[in-house]
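[1] Next comes the sequence, and after it the predicted model I'd like to discuss.
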Amino acid sequence: MLAVTSYQVALTVHILAAVIWVGGALMLQILSVLALRSSLPGRTAEFAGEAEVVGTRLFLPTSLILLGLGFYLVHSGHWGYHLWVWLALMGFAFSFLTGFGFLAPESKRIKNLLETQGPESSEAKDRIKRILMISRVEAVILILIVVDMVLKPGQ
C-alpha cells in the first residue's frame, strides 16, 4: 500500500499551484500578443477584462496557497531560510505587490475607461499596453523563482 505523507501532499499542491500561476501567466502573455494583433474591434479590451478576472479569481488565491504551503514545507522539511528561500520570497513579494498594488487597480481603471470611452479608446489601449509590459516583467520574475526553487542556490 502506498503511504503518502502530509509533506508529500503539501509539496504536490505547492507544485501544482506554481504550475497554475506561472503557466497561467505565460499563457496570458501569449494571448495578449494575439489580442493586440487582432483585427477584431474591441478584442484588446475584451482580453483586458478576461485577464483581470483570471488575475483576481485564479492567480490571487493560487499565489496565497503557494505561499502558505511554502512556509509549511520549509518548516516541515526543516529546510531553514537559506538564500534560495529568501530569493523566492522576494520574488513572490514583488509579484504579489505588483499584482495587488498596480495590476488589479489599473485593470479596474481600464475597465472604467472602456465603459465610458468604448473599446477603441486610445487611452485604454495605451494603459493595456503598459499593464502588459509590467505583467511580462512579472512573468520573468515567476520563471526566475522556479529556477531558484530547482537550483536552490546557497543550500
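    The structure has been received and is ready for your questions.

[2] what's the single longest helix in this protein?
    Assignment by DSSP state H gives helix 6-37 as the longest helix of the chain.

[3] What's the mean pLDDT across the helix or strand containing Val146?
    Assigned by DSSP states H and E, Val146 belongs to helix 122-151. The pLDDT scores in helix 122-151 average 91.

[4] what packs against it?
    helix 6-37, helix 43-54, helix 83-98, helix 104-117 (3 or more CB pairs under 8 Å, 6 or more residues apart in numbering; DSSP states H and E). Backbone N, C-alpha and C define where each C-beta goes, glycine included.

[5] Could you rerun that using 10 Å?
    In terms of contacts (3 or more CB pairs under 10 Å, 6 or more residues apart in numbering; DSSP states H and E), helix 122-151 is packed against helix 6-37, helix 43-54, helix 60-76, helix 83-98, helix 104-117.

[6] Measure how the longest helix of the chain sits relative to helix 122-151, angle-wise.
    If you take axes from the mean of the first three to the mean of the last three CA atoms, to 10 degrees, helix 6-37 sits at 150 degrees to helix 122-151.

[7] For helix 6-37, what is the distance to the chain centroid?
    Offset of helix 6-37 from its chain centre (CA atoms, centre = their mean, to the nearest Å): 7 Å.

[8] Let the chain start at 58 from now.
    Done: numbering now begins at 58, and the last item shifts to helix 63-94.

[9] still on that earlier bit, out of the helices and strands packed on helix 179-208, flag the one nearest Lys209.
    Across these, Lys209 has its closest neighbour in helix 140-155 (4.3 Å, CB to CB).

[10] Next, the angle helix 179-208 makes with that closest one.
    Going by the same axes, to 10 degrees, helix 140-155 makes 170 degrees with helix 179-208.

[11] what inclination does helix 140-155 have with respect to helix 161-174?
    Using the same axes, to 10 degrees: helix 140-155 against helix 161-174 is 20 degrees.

[12] What residues does Gln174 make contact with?
    Applying CB atoms under 10 Å, 6 or more residues apart in numbering to Gln174 gives the contacts 102, 180-181.
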